[in-house]
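Q: Quick one, what's the 3D model for this:
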Amino acid sequence: MSGSSILGNLPLRHFISVDAESEVLAEGVATANSIRARVERKCHVRIPLIWFIRFQRTWNEYVEEDAINYFTRPVDKSFDGFALGNRQLLKLQSRGDEIAWHYHAYNYAHREDLSHAHKIAVLRADLLACGVHILRCYPEFEVRTFRFGWSFVPDYSLYRLLRRLRIKIDASVQIESAGKKVKAFNLRYPSPITRFPKKIDGTWFVPLKRAHMVHEYELVAHNLGWTAQDEQQASQKRDDFEEKLLEIARKCRETGATFANYKETFL
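A: Now for the predicted structure:
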């Protein structure tokens, strides 16, 4: 791999992202936006957010299907966060936020009976089909940034394919997680491809070092089956998110650092 880096003498940037990936997406996005707006008013600072919107086939397809040809088909059944939050996302983009793509490698994580090579072939086919769908159906969002679910990158070679889908920035790399277990899966995080923002073979890899990430469902009461919390728990998460934004905003005032999104920084 060839690489070129980095940000030169640009001031320190803080990236605040929301992974929006569930049926409470609209409510969670609205809640995160209202918290951000409150902090902006308090601190007189602009805080662009990066919204990582999940789009992919249904969970059942990933755990039940294993034929590579199946995943080359156009996407007909899906979790489509771009559709769920379309009007919200357009308004957020118009005020300077970035809309990005979020995708979980469910087949790779759950199908331990399949070889690494087979699962990567499935991933290539599915990422291509999903990416083509996003480009065709949602060109208004100009999606250029990508994040794998759980921040787990199954294989860095996948970014050659993602570049064909106009993805130029990755925000998945976990510096501190190398060798650690991925959730409850029989998987380990790979070594980071870089420890600082660096352009490698045409893709900017931006490790999760000065980034703060929250999931939209964490900010609202919900019962999604695989995760649940009551209003008291959600209220605490909202308070935590607001306090984190306030803390970073204060540091920005003291140090001259800024909030930014990925596209305006790296492209």
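
Q: ok, which stretches of the stretch 151-267 of the chain are strands?
A: Here the stretch 151-267 of the chain has its strands, by DSSP state E, counting those that start in this stretch, at 169-170, 198-200, 203-205, 211-215, 222-223, 228-229, 258-259.

Q: Would you reformat those as JSON lines and include mean neighbour count, distance to I68 and mean pLDDT?
A: (Glycine included, C-beta is placed from N, CA and C.) Output for the strands of the stretch 151-267 of the chain, formatted as JSON lines (neighbours: other Cβ atoms under 10 Å; distance: least, Cβ to Cβ, whole Å; pLDDT from 0 to 100):
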{"stretch": "strand 169-170", "mean neighbour count": "24", "distance to I68": "24", "mean pLDDT": "98"}
{"stretch": "strand 198-200", "mean neighbour count": "18", "distance to I68": "27", "mean pLDDT": "95"}
{"stretch": "strand 203-205", "mean neighbour count": "23", "distance to I68": "24", "mean pLDDT": "97"}
{"stretch": "strand 211-215", "mean neighbour count": "17", "distance to I68": "31", "mean pLDDT": "89"}
{"stretch": "strand 222-223", "mean neighbour count": "16", "distance to I68": "35", "mean pLDDT": "98"}
{"stretch": "strand 228-229", "mean neighbour count": "14", "distance to I68": "35", "mean pLDDT": "98"}
{"stretch": "strand 258-259", "mean neighbour count": "18", "distance to I68": "42", "mean pLDDT": "94"}
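
Q: Determine how far whatever helix or strand D19 lives in lies from the middle of the whole chain.
A: According to DSSP states H and E, D19 maps onto strand 13-20. Put simply, strand 13-20 sits 8 Å off its chain's centre (Cα atoms, centre = their mean, to the nearest Å).

Q: So for that strand, what gets flagged as buried?
A: Buried residues in strand 13-20, counting neighbours by 16 or more other Cβ atoms under 10 Å, are found at R13, H14, F15, I16, S17, V18, D19, A20.

Q: what does the next helix or strand along the chain from that strand contact?
A: Once the chain leaves strand 13-20, the next helix or strand it forms, by DSSP H and E, is helix 25-43. For helix 25-43, the external contacting residues (Cβ atoms under 8 Å, 6 or more residues apart in numbering) are 16, 18, 20, 22, 45-47, 49, 51, 53, 81, 84-85, 88-89, 92, 214-220, 238, 241-242, 245-246, 249-250, 253.

Q: one more time with 6 Å
A: 18, 20, 47, 49, 81, 84-85, 88, 216-217, 219-220, 241-242, 245-246, 249 (Cβ atoms under 6 Å, 6 or more residues apart in numbering).

Q: elements contacting the strand holding D19?
A: Counting contacts by 3 or more Cβ pairs under 6 Å, 6 or more residues apart in numbering; DSSP states H and E, strand 13-20 packs against strand 49-56, strand 211-215.

Q: tell me the angle that strand makes with strand 49-56.
A: Comparing the axes of strand 13-20 and strand 49-56 via axes from the mean of the first three to the mean of the last three Cα atoms, to 10 degrees yields an angle of 40 degrees.

Q: strands paired with strand 13-20, and their directions?
A: strand 49-56 (parallel), strand 211-215 (parallel), strand 258-259 (parallel) (DSSP bridges).

Q: follow-up on the earlier one: let me have the strands of the stretch 151-267 of the chain in a markdown table, adding distance to R147 as columns.
A: Shown next, in a markdown table, are the strands of the stretch 151-267 of the chain (distance: least, Cβ to Cβ, whole Å):
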| stretch | distance to R147 |
| --- | --- |
| strand 169-170 | 7 |
| strand 198-200 | 17 |
| strand 203-205 | 11 |
| strand 211-215 | 9 |
| strand 222-223 | 21 |
| strand 228-229 | 23 |
| strand 258-259 | 18 |
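
Q: K180 is nearest to which of those?
A: With Cβ to Cβ as the criterion, K180 lies closest to strand 211-215 of the strands of the stretch 151-267 of the chain, at 16.8 Å.

Q: between that closest one and helix 25-43, how big is the angle?
A: When the same axes, to 10 degrees is applied, the directions of strand 211-215 and helix 25-43 differ by 140 degrees.

Q: ok, back up a step: any idea which of the buried residues of strand 13-20 is closest to A100?
A: S17 (7.7 Å).
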